[in-house]
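Q: Sequence and predicted structure are below.
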Amino acid sequence: MTTRRAASPPRGEALRMPVLTGLLLVLAALAIAGGLAIGDRTLPSGTVLDALVSKAGRVDTILVWTLRLPRSLAAFLAGAGLALAGFLLQALTRNPLAGPGLTGVSAGAVAPIVAAFVFWPALSSVWYPLVGFAGGMAAASATFLIASGRMASPLHLALGGMSVSLFLHAVTTYVLLLSGPQVPSLLFWLAGGLQGRSWPQLAAMTPFVAVALAGALSIHRVVDLLSLSEGAAMGMGLRLALWRPLVLFLAVLPVAGIVPVAGPIAFVGLAAPHIARLLRPPGSGWAMTLAAAIGGLTTVLADLIARSIAAPRELPVGLVTALIGGPVFLYLVQRPRALAVEACR
Amino acid sequence: MTPLAPSLAARPPARWLLPALVGLTLAAPLVAVLFGVADLPLRDVADVLAGGGSAGARSIILDIRLPRIVTGMLAGMQLATAGFLLQTITRNPLADPSLMGVSQGATLAVTLFLMIAVYSHDPGSNTVVELPLSWLPAVGMLGGLAAGGFIYLMTLRHDLGALRLTLCGVAMGALLQAVALGIVAGWGSTRMEVLLEWLSGSLYARRWEHAVFLAPFTLAGLAVLPLLRRPLELLRFEPAVARSFGLAYARSFSLVLLVSCALAASAVGAVGPIVFVGLIVPHLARRLARGHFPLVLPLTVVLGASTVTFCDLLGRLLGRADEIPIGVVTALCGVPLLIVLLRRTP
């Protein structure tokens, strides 16, 4: 990777990444725009434009401005943040199977938020990201502890992460069992749902994703080194004891912001970085950018499917991403290279 | 490993071990039958067990506590045995039915079944749908078997790699779990408690019919185990080594996987996904057997029954009227143990 950057790139190569990223963002913008028209009531494009421009209080305007636009943007942001988290976790563990789901980060964010919601209803939802963050960090640490250190083999990481997740699922289910009447709405959120998300929730989520993205991009060289090998990182004088916790922090941060709003959307954080790597980015900086764009685009599309396929009933977006991402993951596991990291150790 | 390890492993298991564990297994139901939400004096319990007692006491002991204990013991034996078989064939000491997608397959099947039942019954009302509940064990078992079979088919192409089997299992598990949750969230609003109760792995309100459902699987499983003894001893090794001893590797592997899935799936169907029993119990058994492989299986069976009984008792006593589902108790006990075990496993 580094050698390719060192050699002078062939003509056009230097532009490839910006063009790809731009293309993905344009696609995402198109998907969001399409999402403004599609839903349980399909609007003609003219109406959508009208509604966007004139903020008069017509029904269409309300539909577009207060219901569909914030929701689509939230989907994009959630997908981008989860993809970033997945990328960082994969780099940190040098394990292609790491992701918010399989390292327990998602389940760790969910369990304390559900508990807070049920047992401490007075707690303002402003605090939920903090609660989720503490849970996510704790769960990730437990998984890494179980998997014997950060350089977990795919097998140990999968088993450790799944065990932590199963444990937290058991606790969450028990809390749900005690909670009674709020169960249906909680379940929808748990399955990863963006139903009825609006501007305040989008605003609550944005700083977490933005800070994590900015932070991760600004230390992309460190991420490069971390994902190379321990020896390379230390040879370059990288202080692992300092950078590893920081990268874990940057990985859990977006999840903590996203989970209170959108729930734990399955498989996006795992699959998006892999798709990004298929585009052969020259380094972690572009890889993260691409992964975030792909994650965002995928989630916007999944949300579109979730809300239009069974209209007027809504499906949770997590169901759609699981149905798409699960097979992708199974395919990845089947590929010999998916397990190559273990052989490299 | 230190040079001491081999001699330690060769140490014969304690003479008192098997009698003590059998005693424990017999004691577990006796202890469990004494406690419950209703405080029954010891005399009353003894009276009922002797064949007498008041009608109320008889109903509490014979219709509520005993079927629950028996169901739990059968399920515990099955889960632990299933875990042991999986751990042996995957050559991975950390395999567990719920890490192989079996539990989640059962979950998805039960979820779908309840949704369909509730909707075809009367979508609007909250009336209790009685009929389908007795179908849950069978439905759950079919789902678990389907998931196990699918994973098996996926790994067929790759010479039954144990690592791939495990990873596919974890991936399938996560996928099925997400789909089940998505379906519940998308369609379910009524009768969620039934599903949640089942999902948390509970022995609450288990009746004799559950025990009767499980008994044939337990018996068939236990009857098959002696036949599997030689394959199991060889499947512990690399495929090439096992083949060189004349083992039909693929056939034995499939057979053991099938038995394991059937045991796990029927247990999960009856009592819900009780996690970690299949993971931890075989470990304890191996530790107690001190490397004597033939001893591990009987120890696993015995310990599985008593572990589930005691965990259930713990959940009943801690929660009193709001009992803690056994799945939560086993998860709470299992994770610290798992951390210790994983850290010791190279």
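A: On my side now, so go ahead. Numbering: from 1, shown residues only, chains lettered A, B, ... in the order given.
Q: Just the pLDDT at the spatially closest residue to B:Leu114 that is not a sequence neighbour, thanks.
A: Nearest residue to B:Leu114, sequence neighbours excluded (C-beta to C-beta, 6 or more residues apart in numbering or on different chains): B:Leu195, at 5.5 Å. In this view, the C-beta of every residue, glycine as well, is placed from N, C-alpha and C. Per-residue pLDDT puts B:Leu195 at 77.
Q: Is B:Leu195 part of a helix or strand, or is it coil?
A: Under DSSP: H, G, I helix; E, B strand; the rest coil, the three-state class of B:Leu195 is helix.
Q: pretty sure it contacts B:Val110?
A: Yes. Look at B:Leu195 against B:Val110 with C-beta atoms under 8 Å: they come within range, at 7.1 Å.
Q: out of those two, which sits in the busier spot?
A: Using other C-beta atoms under 10 Å in any protein chain shown, the more surrounded residue of B:Leu195 and B:Val110 is B:Val110, with 29 against 24.
Q: what pLDDT, on average, does the helix or strand hosting that one get?
A: Using DSSP states H and E, B:Val110 falls within helix B:102-121. On average, the pLDDT along helix B:102-121 is 82.
Q: quick one on the thing from earlier: what sits against the residue nearest to B:Leu114?
A: B:110-111, B:114, B:184, B:188 (C-beta atoms under 8 Å, 6 or more residues apart in numbering or on different chains).
Q: Quick check: closest non-adjacent residue to the residue nearest the centre of chain A.
A: Ranked by distance to the mean C-alpha position of chain A (C-alpha atoms, centre = their mean), the top residue is A:Leu82 at 1.0 Å. Using C-beta to C-beta, 6+ apart and skipping the chain neighbours, the partner closest in space to A:Leu82 is A:Gly269 (3.8 Å).
Q: Same question for A:Ala262.
A: With C-beta to C-beta, 6+ apart, the residue lying closest to A:Ala262 is A:Ala78, at 4.4 Å.
Q: Does the one you found lie in a helix or a strand, and which?
A: Using DSSP H and E, A:Ala78 falls in helix A:69-93.
Q: Also A:Leu250?
A: Per DSSP H and E: helix A:240-262 holds A:Leu250.
Q: Give me the mean pLDDT for that helix.
A: Helix A:240-262 comes out at a mean pLDDT of 88.
Q: Distance from the chain centre to that helix, please.
A: How far helix A:240-262 lies from its chain's middle: 11 Å, per C-alpha atoms, centre = their mean, to the nearest Å.
Q: just stretch B:231-238 next, same as before
A: Distance, stretch centre to chain centre, for stretch B:231-238: 23 Å (C-alpha atoms, centre = their mean).
Q: what residue is smack in the middle of chain B?
A: Closest-to-mean residue, chain B, C-alpha atoms, centre = their mean: B:Leu79 / 2.5 Å.
Q: and the closest residue to chain A within the stretch 101-250 of chain B, how many residues sit next to it?
A: For the stretch 101-250 of chain B and chain A, the shortest gap (C-beta to the nearest C-beta) falls at B:Gly182, measuring 2.6 Å. The tally of other residues near B:Gly182 (other C-beta under 10 Å) stands at 28.
Q: shaky segments in chain B?
A: B:1-13, B:37, B:119-133, B:157-162, B:187-192, B:320-321, B:342-346 (pLDDT under 70).
Q: go with 50
A: Judged by pLDDT under 50, chain B has its weakly predicted residues at B:1-9, B:131.
Q: Report the closest residue of the stretch 1-150 of chain B relative to chain A.
A: B:Leu94 (4.8 Å).
Q: quick one: the strand or helix carrying the residue nearest to the centre of chain B to chain centroid distance?
A: Secondary-structure assignment from DSSP H and E places B:Leu79 in helix B:66-89. Taking C-alpha atoms, centre = their mean, one finds helix B:66-89 lying 4 Å from the centre of the chain it belongs to.
Q: Check the stretch 201-346 of chain B for the residue nearest chain A and tell me.
A: Taking C-beta to the nearest C-beta, the stretch 201-346 of chain B has B:Ala331 as its residue nearest chain A, at 3.9 Å.
Q: my guess is that residue contacts B:Val277, does it?
A: No. If you go by C-beta under 8 Å, B:Ala331 and B:Val277 don't touch, sitting 10.1 Å apart.
Q: quick one: which of these two has more around it?
A: B:Val277 (31 against 26).
Q: Could you list the low-pLDDT ranges of the stretch 151-300 of chain A?
A: Checking the stretch 151-300 of chain A against pLDDT under 50 turns up nothing.
Q: quick one: stretch A:115-133 to chain centroid distance?
A: 21 Å.
Q: ok, now stretch A:272-281?
A: Stretch A:272-281 sits 15 Å away from the centroid of its parent chain (C-alpha atoms, centre = their mean).
Q: next one: stretch B:205-222
A: Using C-alpha atoms, centre = their mean, the offset of stretch B:205-222 from its chain centre is 12 Å.
Q: Give me the neighbour count for B:Val340.
A: 12.
Q: ok, it - contacts?
A: Counted by C-beta under 8 Å, 6+ apart, B:Val340 has zero contacts.
Q: what's the answer for B:Trp198, then?
A: B:110, B:136, B:272.
Q: Same list, these, but as TSV with distance to chain A please.
A: Formatted as TSV, the contacts of B:Trp198 follow (distance: C-beta to the nearest C-beta, whole Å):
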residue	distance to chain A
B:Val110	13
B:Leu136	16
B:Gly272	10
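Q: just these now: which is nearest A:His156?
A: B:Gly272 (27.2 Å; C-beta to C-beta).
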